[in-house]
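Sequence first, predicted coordinates after that:
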Amino acid sequence: MKKYILFLMAIGGLMMAFKPSGKTPPPHHTDPYTQKADSVLALMTLEEKIGQLNLPAAGDFTTGQASSSNIAEKIKAGKVGGLFNIKTVQKIRDVQRVAVEESRLGIPLLFGMDVIHGYETIFPIPLGLSSTWDMELIKKSAQLAAKEASADGINWTFSPMTDISRDPRWGRVSEGSGEDPYLGAQIAKAMVEGYQGDDLSLSHTLMACVKHFALYGAPEAGRDYNTVDMSRQRMYNEYFPPYKAAVDAGVGTVMTAFNEVEGIPASANKWLMTEVLRNQWGFDGFVVTDYTAINEMTAHGIGDLKTVSAKALKAGVDMDMVGEGFLSTLKASLEEGTITETQIDEACRRILVAKFKLGLFEDPYRYCDAERAETEIFNAENRQLSREIAAQSFVLMKNEGQVLPLKKTGTIALIGPMADNAENMTGTWSVAGRFKESISLKQGIQHAVGDQVKIIEARGANIVADSLLESRVSVFGKPTYRDQRPEEELIEEALEAAKAADVIVAAMGESAEMSGESSSRSTIELPENQRRLLKALAKTGKPVVMVLFSGRPLAIQWEAEHIPSILNVWFGGSEAGDAIADVLFGEVNPSGKLTMTFPQNTGQIPLYYNHKNTGRPLPEGQWFQKFRSNFLDVPNAPLFPFGYGLSYTEFDYGDITLSTEKLSGHQTLYATITLTNAGRFDGKEVVQLYVRDMVGSMTRPVKELKGFQKVFLKAGETKEVTFELTQEDLKFYNHDLDFVFEPGEFEIMIGTNSHDVSSMKVNWEE
């Protein structure tokens, strides 16, 4: 414990006067955390400072090709600042003991993990969470994830991912919140506040990490890790807002992106990491790379490992994940004069400050409470919250003839490759989840109906016809349970089940790892073998409900035309099956709304609601005009627009009422609409407010989301829904990157989705 006692002295500032030979005094800082960090920094050797910048993977879970060895010896030598992908109180306590009792200075370690949408209790994938449009529920999911992970020794999560994306070919859309910067910013704020709370030193909170800074969601061709190129105006107006919202919410760390930004990889981009993040936005936490991102800059073509490591440090990167470029090269770069010790000190200081904020110097074992681990993880209360949130995330895409909700009578044919697959219910990036204890759709229906309904099950199809392709989408061990029988035999078995049933529930779509990291798809239609099964089922004349599992928008044009009822359930998490059954049988009225546009086919991509007009726009409602911006073979319109989602009830919108149609200065505009639940079911509706700036100094989108409210109405109930707008809501970054309000005419739109809106115009003077 002598090392720990030494740090208790340092915390009190008693070592501030200590100055090893050849050292210069640390700069004067008034922030108490920074003062404490400086007192530690003054005791450290150069090697120990560089060691704090090193983040190896522990080995419980790994990604990519890199691996770390001899971690314990490095910890003893002060060459490790933190570890990730290690879990359980006992393992973390053992490793922390080595750091605080066997290293020279006893500096405690950070312990991180990809707690993306839950820890062991898994919530819907982030794209599904965003479809709730419920910031309180999203915040609760992060709070519970923090509570569980911190009970198991974790104190740092690599979440939220706030990358805006308009290309569903990119598999990682499943980890984000969709295409809209305003909604993405609201979700980023809710997630950070949920993870971190008001005090990071509290043992039930986690330090959050916003990622991937920046622009990672816009790779060319939707291919993961690919080149990104865009104007700074687009960055500031369309892609930066969620990152900035996380910073404004006090996020503790930021993770660099794999892609380049303006020709420079993000991890070496000083404009991005220092000018934007620190100087413009005031971020005061530390920056960590993504997995081996520094090493990968060599493949980008900007230098060898020593060169790119120095560039990363000078750009403003503080911690090197896995690659150990900092650990192996910074000392040599310092001797050559490529970098300065001040730059190393700045990076080390930021990491030490984070450890002080987490309370690790006060108690290195504060997250190692075995009693908490036994009682607070994956318990009944947590799983119930997962079930409730999942049911709110599902999007009813179609319900022709009111096939849904189902009655708890008769016979159901449960068909499809996702009908009985518990391991795939949690979706991608659920590394700590208890996959086999998740609730499958089959189990959920059985729980809901008991012996009231007869269930006949048939597989009907594999996830994909190609066995080689199927092997690529289960590399993380979530089985797809491939059936080796011929496709014709599988379909025939399904048709026999359908003949004996009153209704068909077809569980179709993607498996968990068909989306996520390194899971880009060149076409996003439903696999052809699944479509052939659906066509055969549709021909039976029996009502068909397609329960669609997906981690991205899918191009389901044929299905939308021929299947009477479609419920998109994303990947709902630990309790997915019970939550789906809650909606199928009407215990919960679906209220999810899309946060990404669903295209008619892959060729329409990128397709998003807040696009700009060309000089030759296609007139509204038309398919094709020569010499207009359109396709020969498909309309411009999406299959399902941003903000879309049906309910079992009907919501009627009245006309918009404005407080005034002429404003000036800092007045507030109040826009009100009357909403009536005109159907038979109680339900929730997400009322959406969009604005269009009719004339600007630079081109402006045809509409932009500026507000939303999720409203509960009993059957027959009416409420007035009012939005407030000020000049601040109408500002944008102009060509000179000034954040400005430009007076003029604005169109105010309110409706049930981005397409179906009522509108009025106002004039707003300076």
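Received, thanks. Numbering: from 1, shown residues only.

so what's Ile185 up against?
Actually, residue 185 is Ala. It isn't Ile. In this structure, Ala185 makes contact with Thr162, Pro241, Pro242, Lys244, Ala245, judged by C-beta atoms under 8 Å, 6 or more residues apart in numbering. Yep, even glycine has a C-beta here, placed from its N, CA and C like the rest.

no no, Leu414
Shown in contact with Leu414 (C-beta under 8 Å, 6+ apart): Asp420, Leu441, Lys442, Ile445, Ile455, Ile456, Glu457, Ala458, Ala497, Val505, Ala507.

of the contacts of Ala185, closest to Ala390?
Checking the contacts of Ala185 against Ala390 with C-beta to C-beta, the nearest one is Thr162 at 21.6 Å.

Next one: the closest residue in space to that closest one that isn't next to it in sequence relative to Met230, how far apart?
Counting by C-beta to C-beta, 6 or more residues apart in numbering, Thr162 lies nearest to Pro242, which is 3.6 Å off, once chain neighbours are set aside. For Pro242, the distance to Met230 (C-beta to C-beta, to the nearest Å) stands at 15 Å.

same deal with Ala422?
Relative to Met230, Ala422 is positioned 41 Å away (C-beta to C-beta).

Which one of the two is surrounded by more residues?
Neighbour count, other C-beta atoms under 10 Å: between Ala422 and Met230, Ala422 has more, with 20 against 13.

What count of nearby residues applies to the residue nearest to Asp682 when sequence neighbours are not counted?
Once flanking residues are discounted, Asp682 sits nearest to Lys714: 4.8 Å by C-beta to C-beta, 6+ apart. Applying other C-beta under 10 Å, we find 11 residues neighbouring Lys714.

Lys714 contacts Thr676, correct?
No: assessed by C-beta atoms under 8 Å, Lys714 is found out of contact with Thr676, at 10.9 Å.

circling back to that earlier point, Glu262: which of the contacts of Leu414 is nearest?
Closest approach to Glu262 among the contacts of Leu414 (C-beta to C-beta): Ala507, at 44.6 Å.

Name the next helix or strand downstream of the host helix or strand of that closest one, please.
If you go by DSSP states H and E, Ala507 is part of strand 503-509. Next along the chain after strand 503-509, taking DSSP H and E as the criterion, comes helix 528-538.

Next secondary structure after that next one?
Heading C-terminal from helix 528-538 (DSSP H and E), you reach strand 544-549.

Now do that following strand: which elements does it pack against?
Helices and strands touching strand 544-549, by 3 or more C-beta pairs under 8 Å, 6 or more residues apart in numbering; DSSP states H and E, are strand 503-509, helix 528-538, strand 565-568, helix 576-584.

Identify the residues contacting that strand?
Residues outside strand 544-549 that contact it (C-beta under 8 Å, 6+ apart): 397, 403-404, 406, 416, 418, 424, 441, 503-511, 534, 537-538, 554, 556, 559, 563-571, 580, 584.

ok, now with 6 Å
403, 418, 504-510, 537, 563, 565-569 (C-beta atoms under 6 Å, 6 or more residues apart in numbering).

Same question for stretch 752-765.
Contacts for stretch 752-765 (C-beta under 6 Å, 6+ apart): 609, 641-644, 656, 658, 661-664, 743, 745-751.

which of those count as buried?
609, 641-644, 656, 658, 663, 746-751 (16 or more other C-beta atoms under 10 Å).

quick one on the thing from earlier: quick one: which of the contacts of Ala185 is nearest to Thr292?
For the contacts of Ala185, the nearest to Thr292 is Thr162 (21.8 Å; C-beta to C-beta).

State the distance from that closest one to Thr722.
When distance is defined by C-beta to C-beta, Thr162 is 29 Å away from Thr722.

The two: who's more crowded?
More neighbours surround Thr162 than the other of Thr162 and Thr722, with 33 against 14 (other C-beta under 10 Å).

residue contacts, the closest residue to Gly645 other than its chain neighbours?
Leaving aside its chain neighbours, Gly645 sits nearest to Lys593 (3.8 Å; criterion: C-beta to C-beta, 6+ apart). The contact partners of Lys593, by C-beta under 6 Å, 6+ apart, come to Trp133, Gly643, Gly645, Val686.

switch the cut-off to 10 Å
By C-beta atoms under 10 Å, 6 or more residues apart in numbering, Lys593 lies in contact with 130-133, 183, 393, 395-396, 642-646, 684-686, 688, 708, 710, 752-754.

Not counting its own residues, what contacts stretch 273-280?
Contacts for stretch 273-280 (C-beta under 10 Å, 6+ apart): 213-214, 232, 235-236, 240, 243-244, 247, 254, 256, 261, 266-267, 269-271, 281, 283-285, 287, 312, 314-318, 737.

buried residues in that stretch?
Neighbour counts over stretch 273-280 (16+ other C-beta under 10 Å) mark Met273, Thr274, Val276, Leu277, Arg278 as buried.

Could you break the chain into its assigned domains?
Listed by automatic domain parsing, the domain ranges of the chain are 2-17+26-372, 378-600, 651-765.

could I get these as CSV with mean pLDDT?
Listed next are the domains of the chain as CSV, based on pLDDT from 0 to 100:
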stretch, mean pLDDT
domain 2-17+26-372, 93
domain 378-600, 97
domain 651-765, 98
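
any chance of the ones you listed in CSV, with distance to Phe631 too?
As requested, the domains of the chain are exported to CSV (distance: least, C-beta to C-beta, whole Å):
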stretch, distance to Phe631
domain 2-17+26-372, 17
domain 378-600, 10
domain 651-765, 18
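
For Pro635, find the nearest of the ones you listed.
Using C-beta to C-beta, those put domain 378-600 closest to Pro635, at 7.1 Å.

from the chain's centre, how far out does the closest one sit?
On the basis of C-alpha atoms, centre = their mean, to the nearest Å, domain 378-600 sits 22 Å off its chain's mean C-alpha point.

Distance-wise, check the most centrally placed residue in the chain relative to Pro599.
Residue closest to the average C-alpha location in the chain (C-alpha atoms, centre = their mean): Gly176, at 3.0 Å. Distance, Gly176 to Pro599, using C-beta to C-beta: 17 Å.
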